[in-house]
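Chemist: Give me the fold of what follows.
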Amino acid sequence: MKFAVESKDKLVIISTNVEKLDALQAPELKSEIVLQNKAGVRNIVLDLSSTRYIDSSGLSAILVANRLCRDANGSCVITGLQDSVKKLITLSQLESVLKITPTVNEAVDLVYMEEVEREL
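Modeler: Prediction:
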């Protein structure tokens, strides 16, 4: 399986099990993200720790996740970025648009904090 999906209390963690998130893999990730969103999930953590390379299709999948979560009044957090992926996100000037954390646990904590803030 190319992507692992783990449901938690108020979020879903989608982990990539691919080294390259490119035009061959990104459509499947987008489909999974859309399916989760249609099922009512509004908080997604994308764990990219296994991914070393992302092209424009992969960035597009990440941005779809970000938009769908935002539109559902939720959060999308990207985590586990390898240096090459982090560099591409920086070059694309997306670090100001995306929420990025070093680890999955920090991403989950961030989502829960934002959930509490929304409830207040």
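
Chemist: list the helices and strands whichever helix or strand I78 is part of packs on?
Modeler: Per DSSP states H and E, I78 falls inside strand 76-79. With contacts taken as 3 or more Cβ pairs under 8 Å, 6 or more residues apart in numbering; DSSP states H and E, strand 76-79 sits against strand 44-47, helix 56-71, strand 99-101, helix 104-119. Quick note: C-beta positions are derived from backbone N, CA and C, even for glycine.

Chemist: now those in JSON lines, with mean neighbour count?
Modeler: Output for the helices and strands packed on strand 76-79, formatted as JSON lines (neighbours: other Cβ atoms under 10 Å):
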{"stretch": "strand 44-47", "mean neighbour count": "26"}
{"stretch": "helix 56-71", "mean neighbour count": "18"}
{"stretch": "strand 99-101", "mean neighbour count": "18"}
{"stretch": "helix 104-119", "mean neighbour count": "15"}
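
Chemist: Same list (those) but as CSV, adding distance to K30 and mean pLDDT.
Modeler: Compiled in CSV, the helices and strands packed on strand 76-79 are given as follows (distance: least, Cβ to Cβ, whole Å; pLDDT from 0 to 100):
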stretch, distance to K30, mean pLDDT
strand 44-47, 12, 98
helix 56-71, 5, 97
strand 99-101, 19, 97
helix 104-119, 20, 96
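
Chemist: Note down every partner strand of the strand holding I78 and its orientation.
Modeler: If you go by DSSP bridges, strand 76-79 pairs up with strand 44-47 (parallel), strand 99-101 (parallel).

Chemist: Dump those strands to JSON lines, plus distance to N66.
Modeler: Converted to JSON lines, the strands paired with strand 76-79 look like this (distance: least, Cβ to Cβ, whole Å):
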{"stretch": "strand 44-47", "distance to N66": "9"}
{"stretch": "strand 99-101", "distance to N66": "8"}
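
Chemist: May I have the phi/psi pair for the closest residue to N43 other than its chain neighbours?
Modeler: Computed as Cβ to Cβ, 6 or more residues apart in numbering, the closest residue to N43 that is not its neighbour in sequence is L11, at 3.7 Å. Main-chain dihedrals, L11, degrees, to the nearest 10: phi -160, psi 170.
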